[in-house]
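Colleague: With the sequence up front, the predicted model follows.
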Amino acid sequence: VHNRPPLLGAAAGLSAVALLVKMSLGIAGAALLVVAAIVGRFLFHRSWKSVIPLLLYPLVVAALAFFLFDSVGSFVNWARLSLEVVSGYSVAMSLRDSLAALLVGAAAMVCWLAAPLLVKTDRQLLACYLIFAPVVLIQFRLAFVRQDSHQLQYIPFMLAAIALAILFCRHRRQMAAHGAAFALVLVCGAAADLIAPTERGLLPGSIWRGGSGPRYVATLFNLDQKRAELAATSREQLSPLLLPADWQEMLAESKSGVGTIPWEIQYAPANGLRWSPTPTLQLYSTYTDALDQWSAGRYAGDEAPRFILNEMAAVGRRRQFFDAPLTWRTIFMNYRLGSVWTRNQPLLLLERRPVKVGWDYVEIARDTLKVEGDPIDVPQSPFLVFAAPDLRLTFGGSIQKIIFRVPMIFLVMEHASGRSTFGRLIPATAGNGVLVNGYPHDAMSYLQLWRGHVLDPVVRCTITGPGAGFFRPEVPLTWYELRLANPP
């Protein structure tokens, strides 16, 4: 690569495109290019002029930004908010599953990172390991932060990386060692359920026939038939999301579109509706305070949709009123319950209030809550009460956030009836005030909340969970009350 500037320039250009497709891909590409430049300079003693093609990366980004964004400020804002998504992912989306799978994945990563010590006398092979080391680290993090099938991508990636390294082997002993490593990773991955042969097309018969690639290429020769097949499949799979006829007629007339909260966006294509997305597309991607404020502004301004389809759905043990508390409270203040459609659980049709209602969000008390300590009392009030905990990571927690993930923490709540419930806290957004006394424990109590009834108020709460040790033990907490100032 170092002797082929056009290839290096092509890699820089493709990485720049990837940045605007998905921020993490662009970051991985940039890391690979930077390490490649360093390796070329110090391992192969190339001139710094050999890395001039890398300048295509910022140039392509600038060119794409010129055509895709209406101003420099818009591009900067996109970059800032995209980095918020990247930085908040390891805390907000962390989900633990099989320890065996994690250990196998970590072992494969450590072996790749340690390999340069074993091949340091072979510059070509050493360069391969060094250049792809940042990508291996990033891929491990993306695969295992959220262990809910994301980890299935890791072993195929590592097998591909080992196969790539084999191309740089010049001796039979090296090839044999890499072949053994390939087999070991494959066997251990299968034993730890990190390979899904059926889903990934890895069954022996499929591999022998060339996998699914040839079959998909063949469809290009009859696109009309393939489009018809895809349309029929879409109609079948979307049919459970068809809304009542009167809802469809009313929503189709909405000039401002229809929002979907927290995440089921398929209602729009299923019913031929004009979708009005939340800024992060799905509410569970609102990982940080900045993203929560951005999303809340969408529903407080003039561009807010007239209608929102809302249901009580969870992703990764999370709830919308704890995920993006400012956004949810803004919707609660600016919308009213229009209608309800009950299927497996109630689907709420929220309608923007025709007359703006005044609300007062006022501080009523301050407290200190000890993580994994005794529960504290929730202030008694006839209004909705919100808690704004100031959750701060320890130094070790901050390091853990950067290199891997921070396990989840929960607000455990005791209701007046004696029932206990819990809600996962997103540390970076919890300070915007999570609903506590009216916390709905199921879909029906959520419906009653929108009807103005708190059936079983929360009276005490505490913070605990597997990630508790990564946060400062004493949490300053401010209580707020949401009062209706001028009823319509």
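Modeller: Okay, I see it. Numbers count the residues shown, from 1 in each chain.
Colleague: show me what contacts Ile166?
Modeller: Counting by C-beta atoms under 8 Å, 6 or more residues apart in numbering, Ile166 makes contact with Met175, His178, Gly179, Phe182. In short, each C-beta sits where N, CA and C put it, glycine included.
Colleague: Check which helix or strand the second one maps to.
Modeller: Of the helices and strands defined by DSSP states H and E, His178 is found in helix 172-191.
Colleague: Just the mean pLDDT for that helix, thanks.
Modeller: Mean per-residue pLDDT for helix 172-191: 89.
Colleague: Return the list of helices and strands in contact with that helix.
Modeller: With contacts taken as 3 or more C-beta pairs under 8 Å, 6 or more residues apart in numbering; DSSP states H and E, helix 172-191 sits against helix 99-118, helix 154-166.
Colleague: Among the contacts of Ile166, the buried ones, what's the PyMOL command?
Modeller: Paste this into PyMOL to select the buried members of the contacts of Ile166, with burial taken from 16 or more other C-beta atoms under 10 Å:
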select buried, resi 178+182
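Colleague: Adding distance to Gly338, write the contacts of Ile166 out as CSV.
Modeller: Converted to CSV, those look like this (distance: C-beta to C-beta, whole Å):
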residue, distance to Gly338
Met175, 67
His178, 62
Gly179, 64
Phe182, 58
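Colleague: Max pairwise distance over the contacts of Ile166: which two?
Modeller: The most widely separated members of the contacts of Ile166, counting by C-beta to C-beta, are Met175 and Phe182 (10.3 Å).
Colleague: Counting neighbours, which bits of the helix holding His178 end up buried?
Modeller: Of the residues in helix 172-191, those buried (16+ other C-beta under 10 Å) are Gln174, Ala177, His178, Ala181, Phe182, Val185, Leu186, Cys188, Gly189.
Colleague: now stretch 277-290
Modeller: Buried residues in stretch 277-290 (16+ other C-beta under 10 Å): Thr278, Pro279, Thr280, Gln282, Leu283, Tyr284, Ser285, Thr286, Tyr287, Thr288, Asp289, Ala290.
Colleague: Identify each buried residue in whatever helix or strand Ser24 lives in, please.
Modeller: Following DSSP H and E, one finds Ser24 within helix 23-42. Using 16+ other C-beta under 10 Å as the burial criterion, the residues of helix 23-42 that qualify are 23-33, 35-37, 39-40.
Colleague: mean confidence score for the next helix or strand after that helix?
Modeller: Going down the chain from helix 23-42, the next helix or strand is helix 56-68, by DSSP H and E. Throughout helix 56-68, pLDDT has a mean value of 95.
Colleague: Residue numbering should commence at 41 henceforth.
Modeller: Happy to do that; since the first residue is 41 now, the last one works out to helix 96-108.
Colleague: so what's the residue nearest the centre of the chain closest to, chain neighbours aside?
Modeller: Geometric centre of the chain, nearest residue: Ser325, 5.0 Å, by C-alpha atoms, centre = their mean. Nearest-residue entry for Ser325: Val125, 6.4 Å, with adjacent residues in sequence omitted and distances by C-beta to C-beta, 6 or more residues apart in numbering.
Colleague: Next, format the buried residues of helix 212-231 as CSV and append distance to Ser485.
Modeller: Shown next, in CSV, are those (distance: C-beta to C-beta, whole Å):
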residue, distance to Ser485
Gln214, 63
Ala217, 60
His218, 57
Ala221, 54
Phe222, 53
Val225, 48
Leu226, 48
Cys228, 46
Gly229, 43
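Colleague: Quick check: the farthest pair among those?
Modeller: Maximum pairwise distance among the buried residues of helix 212-231 (C-beta to C-beta): 22.2 Å, between Gln214 and Gly229.
Colleague: tell me the mean pLDDT over stretch 399-419?
Modeller: Here stretch 399-419 scores 96 as its mean pLDDT.
Colleague: List the buried residues of the helix or strand encompassing the residue nearest to Ser325.
Modeller: Following DSSP H and E, one finds Val125 within helix 112-132. By 16+ other C-beta under 10 Å, the buried positions in helix 112-132 come out as Phe115, Ala119, Leu121, Ser122, Glu124, Val125, Ser127, Gly128, Tyr129, Ser130, Val131, Ala132.
Colleague: what's that helix in contact with?
Modeller: Residues contacting helix 112-132 (C-beta under 8 Å, 6+ apart): 63-64, 67, 105, 108-109, 181, 185, 319-320, 324-325, 327-328, 330-331, 334, 363, 441-442, 444-446, 466-469.
Colleague: Let's see that with 6 Å instead.
Modeller: Around helix 112-132, the neighbours that count as contacts under C-beta atoms under 6 Å, 6 or more residues apart in numbering are 63, 105, 109, 185, 327-328, 330-331, 441, 445-446, 466-468.
Colleague: Just those residues: which are in strands?
Modeller: Among those, DSSP state E puts none in strands.
Colleague: tell me which of these is nearest to Trp287?
Modeller: Of all those, Trp287 sits closest to Leu331, with 29.8 Å by C-beta to C-beta.
Colleague: circling back: of the contacts of helix 112-132, closest to Leu192?
Modeller: Nearest to Leu192 among the contacts of helix 112-132, with distances taken as C-beta to C-beta, is Val185, at 13.8 Å.
Colleague: From Pro302, how far off is the closest one?
Modeller: Distance, Val185 to Pro302, using C-beta to C-beta, to the nearest Å: 20 Å.
Colleague: now do Ser274
Modeller: Counting by C-beta to C-beta, the gap from Ser274 to Pro302 is 23 Å.
Colleague: out of these two, which sits in the more crowded spot?
Modeller: Pro302 (24 against 13; other C-beta atoms under 10 Å).
Colleague: My guess is that one contacts Leu323. True?
Modeller: Yes. Between Pro302 and Leu323 there is a contact at 3.9 Å, judged by C-beta atoms under 6 Å.
Colleague: what touches both of those two?
Modeller: In terms of C-beta under 6 Å, 6+ apart, Pro302 and Leu323 are both contacted by the residues Gln360.
Colleague: still on that earlier bit, please report the distance of the residue nearest to Ser325 from Val100.
Modeller: In terms of C-beta to C-beta, Val125 sits 22 Å off from Val100.
Colleague: What's the local residue count around the closest residue to Arg393 other than its chain neighbours?
Modeller: Counting by C-beta to C-beta, 6+ apart, Arg393 lies nearest to Arg376, which is 5.4 Å off, once chain neighbours are set aside. As a burial measure, Arg376 scores 14 neighbours (other C-beta under 10 Å).
Colleague: try the one 3 residues further on
Modeller: Using other C-beta under 10 Å, Ser379 is surrounded by 14 other residues.
Colleague: How about Thr502?
Modeller: Other residues close to Thr502 by other C-beta under 10 Å number 18.
Colleague: One more: Leu487?
Modeller: The tally of other residues near Leu487 (other C-beta under 10 Å) stands at 20.
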